[in-house]
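**Student:** requesting a structural model of the entry that follows:
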Amino acid sequence: MIAPMLPGAENLPEILAGKVDHVLVDRMNYHYADWVYRKYGLDDRMTDDFFDTTERTLTSAFAKLGVSC
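**Tutor:** Here you go, the predicted model:
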């Protein structure tokens, strides 16, 4: 499972290829950690748009590597 989804997550397919058979890409709704995003100026990484875009990127990249999502 990839969580929380942070900047750089798009590099994970190459890193994980050959090491995993299946990946779960899902939204992390643990709002007690929101302060971490705010502290490091990552508020935009908590948006639906960031999640949707990154999910599509990861799903496509994993599929090309033969890893199901």
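**Student:** C-alpha from now on. contacts and neighbour counts both.
**Tutor:** Will do.
**Student:** backbone phi and psi for Ser68, please?
**Tutor:** phi -80, psi 150 (degrees, to the nearest 10).
**Student:** contact partners for Asp21?
**Tutor:** By C-alpha atoms under 8 Å, 6 or more residues apart in numbering, the contact list for Asp21 reads Val67, Ser68.
**Student:** as a quick check, tell me the outermost residue of this structure.
**Tutor:** Within the chain, Lys39 marks the point farthest from the mean C-alpha position, 19.4 Å out by C-alpha atoms, centre = their mean.
**Student:** can you tell me how far it sits from Ala33?
**Tutor:** Between Lys39 and Ala33 the distance is 10 Å, computed by C-alpha to C-alpha, to the nearest Å.
**Student:** cool, and Pro4?
**Tutor:** In this view, Pro4 and Ala33 are 10 Å apart by C-alpha to C-alpha.
**Student:** same check, this time on Asp21
**Tutor:** 29 Å.
**Student:** need the longest helix for this protein.
**Tutor:** In the chain, assigned by DSSP state H, the helix with the most residues is helix 48-64.
**Student:** neighbouring contacts of that one?
**Tutor:** Contacts made with helix 48-64 from outside it, assessed by C-alpha under 8 Å, 6+ apart, are listed as 5, 9-10, 12-13, 17, 25-27, 44-45, 68-69.
**Student:** so which of those wins on neighbours?
**Tutor:** Highest neighbour count within the contacts of helix 48-64, by other C-alpha atoms under 10 Å: Pro13, with 22 neighbours.
**Student:** quick one: contacts of the helix or strand of the chain with the lowest mean pLDDT?
**Tutor:** Sorting the helices and strands of the chain by mean pLDDT, DSSP states H and E puts helix 34-39 at the bottom, at a mean of 87. For helix 34-39, the surrounding residues in contact (C-alpha under 8 Å, 6+ apart) are Asp43, Arg45, Met46.
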